[in-house]
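Chemist: Got a predicted structure here, sequence first:
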Amino acid sequence: MEVLTPFDLVQRFPERQTVAIVGNAPSLKDYRLGDFIDSHDIVVRFNEAAMAGHEEQVGRRTDILVANPYPEKRKRPLLDGGRATCVLIVNPPTRRGDKQVFERWVGDHPVLFTYTPDLVGVEESTHQRGLTTGTYAIQLLWRLLHPSRYFITGFTMFLEGAPGHYWSSSQPPGIRAHDMITEAAVFIRVLNAANVPVCVTPDIQWVSEQIQVPLLPRIRLIDGQSPQLNDEASR
């Protein structure tokens, strides 16, 4: 395991690139965005992101895998045996985790460790519990990468009617530690606070409607089935 510094991260990923943030929500099963996702300069995935057999929906490339440091219950190898340019570990400020188990899971990937960030500039972002890795990473990465554009898909925030992931309908056990209604509101406010152009798929709009926190008009909605709309949104 090669441990990276923040200097290494910014050297590997120059500013003003296009970034695709790909969550693990079941909504991705309904989309055919694999090629569009892979057309971005930087592709970000999370935790136990399944790749094999889902390429048409989610793509083939991973530049940054963002994960928590607790792989003990993950059933598949990292990226189903694929490779990421680096792994970004977002650590909650707790004294738990097994270093040997983590090292076996991450293998020889370059790894940057960080603690959960403060949600700087996010309106009404106070919360009583920790957030999911994806919510933290969306804000952390637009602050670190300074992208030219953000594309975000694959987030339903485990709200009612959208359980599990795109490869499994089972609810992850760790979700019990989260207040998902409150967190979904923080998630939408994080998107609204981004100071770069943002495009999202209909699942993000669905989250916004479920919790009655509107997306700002400047956030563009694209159709997960229409490549020509994706191309328009990418300009």
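Modeler: Perfect, I can see it now.

Chemist: drop to CA atoms for contacts and neighbour counts, all remaining ones
Modeler: Will do.

Chemist: Could you check how far the residue in the chain sticking out farthest from the centre is from Arg74?
Modeler: Each residue of the chain has a distance to the centre, and by CA atoms, centre = their mean the biggest one is for Gln100: 25.2 Å. Distance, Gln100 to Arg74, using CA to CA, to the nearest Å: 15 Å.

Chemist: picking that back up, next, give phi and psi for the residue farthest from the centre of the chain.
Modeler: phi -70, psi -40 (degrees, to the nearest 10).

Chemist: Quick one: residues contacting it.
Modeler: Shown in contact with Gln100 (CA atoms under 8 Å, 6 or more residues apart in numbering): no residues.

Chemist: In terms of pLDDT, where does it sit?
Modeler: The per-residue pLDDT reported for Gln100 equals 94.

Chemist: for Ile175, same thing?
Modeler: With respect to pLDDT, Ile175 scores 64.

Chemist: what's the answer for His127, then?
Modeler: The model reports His127 with a pLDDT of 51.

Chemist: Could you do Val186 as well?
Modeler: Looking at Val186, its pLDDT reads 89.

Chemist: Same question for Ala50.
Modeler: Predicted confidence (pLDDT) for Ala50: 94.

Chemist: Gln212 too?
Modeler: Looking at Gln212, its pLDDT reads 95.

Chemist: can you check Gln171 too?
Modeler: For Gln171, the predicted pLDDT is 72.

Chemist: Could you find the closest non-adjacent residue to it?
Modeler: Gly164 (4.6 Å; CA to CA, 6 or more residues apart in numbering).

Chemist: Could you check how far that neighbour is from Val101?
Modeler: 24 Å.

Chemist: Any buried residues in stretch 21-35, and which?
Modeler: Going by neighbour count (16 or more other CA atoms under 10 Å), the buried part of stretch 21-35 is 21-29, 31-35.

Chemist: Please apply the same query to stretch 141-150.
Modeler: Buried, per 16+ other CA under 10 Å, within stretch 141-150: 141-142, 145-147, 149-150.

Chemist: possible to save the residues you listed as TSV with secondary structure?
Modeler: Supplementary listing: the buried residues of stretch 141-150 in TSV, determined by DSSP: H, G, I helix; E, B strand; the rest coil:
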residue	secondary structure
Leu141	helix
Trp142	helix
Leu145	helix
His146	coil
Pro147	coil
Arg149	strand
Tyr150	strand
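
Chemist: These into a markdown table, with extra columns for pLDDT?
Modeler: Converted to a markdown table, the buried residues of stretch 141-150 look like this (pLDDT from 0 to 100):
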| residue | pLDDT |
| --- | --- |
| Leu141 | 93 |
| Trp142 | 89 |
| Leu145 | 94 |
| His146 | 93 |
| Pro147 | 96 |
| Arg149 | 94 |
| Tyr150 | 94 |
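
Chemist: okay, among those residues, which ones form the most distant pair?
Modeler: Distances among those were taken as CA to CA; the most separated pair is Leu141 and Arg149, at 11.8 Å.

Chemist: neighbour count winner among Gly164 and Val101?
Modeler: Neighbours were tallied for Gly164 and for Val101 using other CA atoms under 10 Å; the higher tally belongs to Gly164 (20 against 13).

Chemist: Report the contact partners of that one.
Modeler: By CA under 8 Å, 6+ apart, Gly164 lies in contact with 25-26, 158, 170-172.

Chemist: out of those, which one sits closest to Thr94?
Modeler: Distances from Thr94 to the contacts of Gly164, taken as CA to CA, are shortest for Pro172 (19.7 Å).
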